[in-house]
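Participant: Provided below for reference: sequence and predicted model.
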Amino acid sequence: MLESIVSHGLALGAVYALIGITYNVMFAASRVFSFTAGTVGMLGGVLGALFIDRMGFPVALGFLAVLAAGALIGIVTEVLTVRPVLRSLDQHLYVLSTLAFALMIQQFTAIEWSTEPQPFPRLLPIGPGIFDQQFWLPLLACAVTIVGLELLYRRTLVGRAFLAISEDNYAARALGLPEQRLRIASYALAGAIGTLAGFSGGEMMLAYFGNGPLLNFYGFVPVALGGMGSNRGAVAGGLALGLFQQAASFLVGGIFASVAVFVVFIVVLLARPEGLAGAATARRV
Amino acid sequence: MPITRRKALAGSAASAAALATGVCRPAIAASEPIRIGYLPALTGPSSSTGIGINRGTELAVKEINAAGGINGRQLELIVRDTQSDPTKAVNGATELTRRHKVQVMWGPLNSGEALAATPLIARDGVPQMHPCWVDSLIDVKKYPMAFRNAPTNQQVGRAANHYVVNIAKAKKVAVISDTTGYGTASLDAYVPMLKTMGGEVVYQGSVEANNPDVKPEMLRMQAAGAQAIMPWSVNAGFLSRLINTRADMGWDVPIVGQTTLGSGQTKALLKKPENWEKVYPNNFRNCSYDASGKLPPRTVEFVERIRKAGIEMSDTLLWWIALGYDGPRLMADAMKTAGTAPEEIVGYWNKVSGWPGVYGTITWTPELHDGFQNEEVIMCQANSLKEGAFTLAPGYTG
């Protein structure tokens, strides 16, 4: 039982964490919570199966094609659903615009792909057992992503520019930083990370159009738990969520496991609204 | 004599009255085709069933017309593809009953569309036959002209429960569903039925269909001593996870349930082909091979006709073609024997007894428009599909 809780829990948690990071990367660049995060996660699985299984791409090429497609969808999200909203006075309209775009992608996938779950290709000849690739691949993807983002943000000029616009959009623009181009780059990066989540968890979650809402929902929990904008918090929150969800499945079972997850989520947010790793921000009055 | 405007109007009114009272009708009616309104889902997510049924329907109409039609009149199928969309089924039904004035309706062919369209067809007073399983679609008070030539969900659940308790002799049973309306409604309906039949339900639960790990539930079932698992879901992902997890656990317990267990989508998601052993989905006796690999005689003869007509069977199921074939034949029998007026068709169907269809033997009464026989709903071996038909699950006799 413990083995199953740890292997499945961490793997699922890593997928949730990657979706949480997707939310964060888009949020940092635009202060917008784009509800396309789970949808690009779903597309990671569907496009992986499409490119590798149906179109016969080699695994490496299929993987790169999936990431490229994710980046493209990220850019389209920014152009179609975020940029027009940022120009308007009521910027909370992004809830509608991003959700509508996510629904359009989901319905298009259902029509063109299938409404039934489809198999995801086996990528490496390792497994089965607890060392099965479906368990460690999401963890590896999560580790590579978080290390990569840390290096990008701390060691490169572009990364520091990302941080600058996330910290103070107006000041960064006043300094001459190309805010719009940086935002597009952030959305492309977020799209690639989202599809990486779905691709690495594809064997576990299958190539299924219905995974979008589930990932949107469970991917948001680590962001709220870990603190908005905190990638380390999202990873810690995601892994904790996966382990807790899996333990609840064993202990209380069935639909009650989901109830248990959300009871804890609500209690944590009541106790620390800024999230476990987030800091309360001062508000100018 | 000059023709005044008043005389011309009076003449037109007299002609219109003659048409309305049917003075000219017999001459036209004697030669015009009999219109069957037909609502298959030929595209969209439910189209695999619709395409299979359509092959049987077209064959039946072709054969009936080739044999001279109904008392000299040809059958004409007026088809509206519902595209697996209840809204389009409603639009199609209204167009067929009101604009085309069809004599009888065949379909819709899936429950979601039938739930939307049946009240409208009933309101327009057109006799309807459909093969949809949802129990509430047949109600002699609400829809007195609607008949079903297929089993109900109750019969499907009863057949699975009967197999588990009386044939497989599993007394301790685990019943699991997904959290969809179908899943939870099936659980609520079939668990009490299972208990009435003498089964002991040692595990009962619902989980989300896209939950990636069902092992916790399977371990609970195993710990409770389950001798059979009955999953109620149409989600191939959920069902394949149960089957794969059973294999991973090395647990040799039969899985008995809905037809999706034996579908190609479920097969595609299995880790190994042998995981499909001891999986028994619903099927129908007349379209199943017995233990010696033979179909019933009337089905053998039907399969021969399908082959001669050049109809593809490898990518569909025999029972879909068979039920599509039975529908128009039941309509033709009614119209040939009783007439084409709605009350004549319904009057005939109300007295149908032991009608030997390829798909099933149909008996209707004025009080019961569910015609399928309980004993013709059976369980089959999921991994036995050959030319569109499955082999009976082990334990059936006769």
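Facilitator: Alright, I've got the coordinates.

Participant: got the residue ranges for the strands in chain A?
Facilitator: According to DSSP state E, chain A carries no segments that qualify as strands.

Participant: how about low-confidence regions in it?
Facilitator: Within chain A, the stretches falling below the threshold (pLDDT under 70) are A:89-91, A:127-130, A:276-285.

Participant: What parts of it come near chain B?
Facilitator: Taking CB under 8 Å from any CB of the partner chain as the test, the list of chain A residues beside chain B reads A:1, A:4, A:8, A:12, A:110, A:114-119, A:128, A:201, A:204-206, A:208, A:210-211, A:214, A:246, A:249-250, A:253-255, A:257-258. To be clear about C-beta, it is placed using only N, CA and C from the backbone, and glycine gets the same treatment.

Participant: one more time with 6 Å, if that's ok
Facilitator: A:4, A:8, A:115-117, A:119, A:204-206, A:208, A:210, A:214, A:249-250, A:254-255 (CB under 6 Å from any CB of the partner chain).

Participant: For chain B, state which of those residues is nearest.
Facilitator: Nearest to chain B among the residues of chain A next to chain B is A:Pro117, at 3.2 Å by CB to the nearest CB.

Participant: Burial check on the closest residue to the closest one other than its chain neighbours, number of neighbours?
Facilitator: Once flanking residues are discounted, A:Pro117 sits nearest to B:Gly237: 3.2 Å by CB to CB, 6 or more residues apart in numbering or on different chains. Burial of B:Gly237, expressed as a neighbour count using other CB atoms under 10 Å in any protein chain shown, amounts to 25.

Participant: try B:Pro192
Facilitator: B:Pro192 is surrounded by 10 other residues when neighbours are defined as other CB under 10 Å.

Participant: likewise the one 4 residues further on?
Facilitator: Residues contacting B:Thr196 under the criterion other CB under 10 Å number 10.

Participant: helix, strand or coil for the residue nearest to A:Pro117?
Facilitator: Classification of B:Gly237 into helix, strand or coil gives helix, according to DSSP: H, G, I helix; E, B strand; the rest coil.

Participant: Can you flag which of the residues of chain A next to chain B belong to helices?
Facilitator: Assigned to helices by DSSP state H, the following of those qualify: A:Ser4, A:His8, A:Met204, A:Met205, A:Leu214, A:Ser249, A:Phe250, A:Gly254, A:Ile255.

Participant: And the furthest pair within the residues of chain A next to chain B?
Facilitator: Checking these against each other with CB to CB, the farthest-apart pair comes out as A:Thr115 and A:Phe250, at 30.4 Å.

Participant: Comparing those two, which residue is more hemmed in?
Facilitator: Looking at A:Thr115 and A:Phe250 with other CB under 10 Å, you find the greater number of neighbours at A:Phe250, namely 20 against 16.

Participant: The residue nearest to that one when sequence neighbours are not counted: neighbouring residues, count only.
Facilitator: Here the nearest residue to A:Phe250 in space, its sequence neighbours aside, is B:Pro216; by CB to CB, 6+ apart that works out to 4.5 Å. If you count neighbours by other CB under 10 Å, B:Pro216 ends up with 26.

Participant: Return the residues of chain B in contact with chain A.
Facilitator: Applying CB under 6 Å from any CB, one finds that chain B approaches chain A through B:45, B:179, B:205-207, B:210, B:212-213, B:215-216, B:236-237, B:265, B:268-269.

Participant: Just want the residue of the stretch 201-350 of chain B that's nearest chain A.
Facilitator: Nearest to chain A, among the residues of the stretch 201-350 of chain B, is B:Gly237, at 3.2 Å (CB to the nearest CB).

Participant: the strands in the stretch 101-250 of chain B, which residues?
Facilitator: B:104-106, B:128-130, B:146-148, B:172-178, B:200-207, B:228-232 (DSSP state E, counting those that start in this stretch).

Participant: Can you lay out those as CSV showing mean neighbour count?
Facilitator: Listed next are the strands of the stretch 101-250 of chain B as CSV, based on neighbours: other CB atoms under 10 Å in any protein chain shown:
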stretch, mean neighbour count
strand B:104-106, 28
strand B:128-130, 27
strand B:146-148, 25
strand B:172-178, 25
strand B:200-207, 19
strand B:228-232, 27
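
Participant: Let's have those strands in JSON lines, adding mean pLDDT.
Facilitator: Formatted as JSON lines, these follow (pLDDT from 0 to 100):
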{"stretch": "strand B:104-106", "mean pLDDT": "98"}
{"stretch": "strand B:128-130", "mean pLDDT": "97"}
{"stretch": "strand B:146-148", "mean pLDDT": "97"}
{"stretch": "strand B:172-178", "mean pLDDT": "94"}
{"stretch": "strand B:200-207", "mean pLDDT": "93"}
{"stretch": "strand B:228-232", "mean pLDDT": "96"}
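
Participant: Which one of the ones you listed lies nearest to A:Thr98?
Facilitator: A:Thr98 lies closest, by CB to CB, to one member of those: strand B:172-178, at 28.2 Å.

Participant: So what touches the closest one?
Facilitator: Here strand B:172-178 makes contact (CB atoms under 6 Å, 6 or more residues apart in numbering or on different chains) with B:164, B:183-184, B:186-187, B:191, B:199-206, B:209, B:221, B:225-233, B:235, B:238.

Participant: Let's see that with 8 Å instead.
Facilitator: When contacts are taken as CB atoms under 8 Å, 6 or more residues apart in numbering or on different chains, the neighbours of strand B:172-178 outside the stretch itself are B:164-165, B:183-184, B:186-187, B:190-191, B:194, B:199-209, B:217, B:221, B:224-233, B:235, B:238, B:242.

Participant: Run the angle between that strand and strand B:228-232 for me.
Facilitator: When axes from the mean of the first three to the mean of the last three CA atoms, to 10 degrees is applied, the directions of strand B:172-178 and strand B:228-232 differ by 20 degrees.

Participant: What strands line up against strand B:172-178, and which way round?
Facilitator: The strands beside strand B:172-178 in its sheet (DSSP bridges) come out as strand B:200-207 (parallel), strand B:228-232 (parallel).

Participant: Please export the alpha-carbon coordinates of it; PDB is fine.
Facilitator: Written as PDB, here are the backbone C-alpha positions of strand B:172-178 (Å, rounded to 0.1, in the frame of the first residue of the first chain):
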ATOM      1  CA  LYS B 172     -19.700 -12.200  -2.800                       C
ATOM      2  CA  VAL B 173     -19.700  -9.400  -5.400                       C
ATOM      3  CA  ALA B 174     -18.000  -6.000  -5.700                       C
ATOM      4  CA  VAL B 175     -20.000  -3.400  -7.600                       C
ATOM      5  CA  ILE B 176     -18.200  -0.300  -8.800                       C
ATOM      6  CA  SER B 177     -19.200   2.600 -11.100                       C
ATOM      7  CA  ASP B 178     -17.900   5.900 -12.300                       C
END
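
Participant: Can you give the distance from that strand to the centre of its chain?
Facilitator: Strand B:172-178 has its C-alpha centroid displaced from the chain centroid by 25 Å (CA atoms, centre = their mean, to the nearest Å).

Participant: again, but for stretch A:144-161
Facilitator: Going by CA atoms, centre = their mean, the spacing between the C-alpha centre of stretch A:144-161 and its chain's C-alpha centre is 17 Å.

Participant: same question, stretch B:210-220
Facilitator: Remark: stretch B:210-220 is offset 31 Å from the chain centroid, using CA atoms, centre = their mean.

Participant: what comes up buried for stretch B:335-348?
Facilitator: By neighbour count with 16 or more other CB atoms under 10 Å in any protein chain shown, stretch B:335-348 contains the buried residues B:Met335, B:Ala338, B:Gly339, B:Thr340, B:Glu344, B:Ile345, B:Val346, B:Gly347, B:Tyr348.

Participant: so what's the fourth one closest to, chain neighbours aside?
Facilitator: Think B:Thr340. That would be B:Gln103: by CB to CB, 6+ apart, it lies 5.1 Å from B:Thr340.

Participant: Contact partners for residue 187?
Facilitator: With no chain named, the answer covers chain A. Neighbour list for A:Tyr187: A:Met26, A:Ala29, A:Ser30, A:Ser34, A:Gly74, A:Ile75, A:Thr77, A:Glu78, A:Val82 [criterion: CB under 8 Å, 6+ apart].

Participant: my question was about chain B
Facilitator: B:Val175, B:Ile176, B:Ser177, B:Gln204, B:Ser206, B:Trp232.
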